[in-house]
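Asker: sequence plus the predicted model coming up.
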Amino acid sequence: MGLSYQSQIDNCSVSRLFDSLLNDVTFVSFMVNWLWCVPGVLFPVLDILRLAVKTKVVNEHFCNGKDGPQSLQFLVSCLAPEAPVANQMLALRIICNMFVHKPGETLMVDNHDQIISAIMRCKTSANKNTQSAASTVLLNFAVAYGNSVDVEAKSQCLSAAVTVAAGLKEPEAMFRMLVCLGTLMATDRNTAELAKVMEVPDFVARCKNVPEPQKVKECAGFLQKLLK
């Protein structure tokens, strides 16, 4: 039986309230700064922050020059090898969402060494959601570097992508990694040439044998053309 009309109204009201709270810097800041240190409640705090950083005002608050480094340090601590897998996954998703607005993208690019090093520490995770999130972070870096002349940063991103790609088994994570590699190769000739002598061709060939979804095989075919 479907929800009653009153229940639907109540649900809509709760949804509007929740959306409003996600735009409330005071509320989100309280949740993160106070509750994150309470045993057993870190997961819901991370989940709230994951949604909240997609709003411009919260993104600016947590990613500005003053508070950004502390926010990043908090997320990196959640990516420690001994951290719960669920926390690793959510921390990676928060980093992904921080790219949505300019303050977050700037914080990520300025601290790419620290973030990529943290990803390398949990690269062996067998959790499919963690794999997809890690691939998406690297994809976001590839997009952010699209018009950059920082050859070293692009090479570091490519190297990290190749390392993470070697352990991927989840099709969606493989697809996002293909897009990451394709973006790096299509926007920089030197990176494309470097990819040819690394293990990118092997990963692409492995993706060609993924039966579903079809987009993995199609994207792999596109990359094979780039690698010629």
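Answerer: Sure thing, it's come through. Residues are numbered from 1 along each chain as shown.
Asker: and residue 136, what helix or strand is that in?
Answerer: helix 128-144 (DSSP states H and E).
Asker: buried set for that helix?
Answerer: For helix 128-144, a neighbour-count test (16 or more other CB atoms under 10 Å) marks 129-144 as buried. Placement of C-beta: from N, CA and C, glycine included.
Asker: just checking the distance from that helix to the centre of its chain.
Answerer: On the basis of CA atoms, centre = their mean, to the nearest Å, helix 128-144 is displaced by 4 Å from the centre of the chain it belongs to.
Asker: surely residue 201 touches residue 227?
Answerer: Yes. Here residue 201 lies in contact with residue 227, judged by CB atoms under 8 Å, at a distance of 5.6 Å.
Asker: which helices and strands does the helix holding residue 136 pack with?
Answerer: Contact analysis of helix 128-144 by 3 or more CB pairs under 8 Å, 6 or more residues apart in numbering; DSSP states H and E lists helix 85-98, helix 102-110, helix 112-121, helix 151-165, helix 171-187 as its packing neighbours.
Asker: nearest to residue 70, out of those?
Answerer: The closest of these to residue 70 is helix 102-110. By CB to CB, the value is 10.9 Å.
Asker: in the closest one, what counts as buried?
Answerer: For helix 102-110, the neighbour count (16+ other CB under 10 Å) marks 103, 104, 105, 106, 107, 108, 109 as buried.
Asker: and the contacts of the helix holding residue 136?
Answerer: For helix 128-144, contacts defined as CB atoms under 8 Å, 6 or more residues apart in numbering pick out 85, 88-89, 92-93, 95-96, 99, 105, 108-109, 112, 115-116, 119, 122-123, 125, 157, 160-161, 164, 167-170, 172-174, 176-177, 179-181, 183-184, 187.
Asker: any idea how many residues pack against residue 113?
Answerer: Neighbourhood size, residue 113 [other CB atoms under 10 Å]: 10.
Asker: what does residue 202 give?
Answerer: Residue 202 sits with 12 neighbouring residues when counted by other CB under 10 Å.
Asker: so which strand or helix has it?
Answerer: Residue 202 is part of helix 200-208 when elements are defined by DSSP H and E.
Asker: show me what that helix is packed against.
Answerer: Applying 3+ CB pairs under 8 Å, 6+ apart, one finds that helix 200-208 contacts helix 151-165, helix 171-187, helix 214-226.
Asker: rerun that using 10 Å as the cut-off
Answerer: For helix 200-208, the packing partners by 3 or more CB pairs under 10 Å, 6 or more residues apart in numbering; DSSP states H and E come out as helix 151-165, helix 171-187, helix 189-196, helix 214-226.
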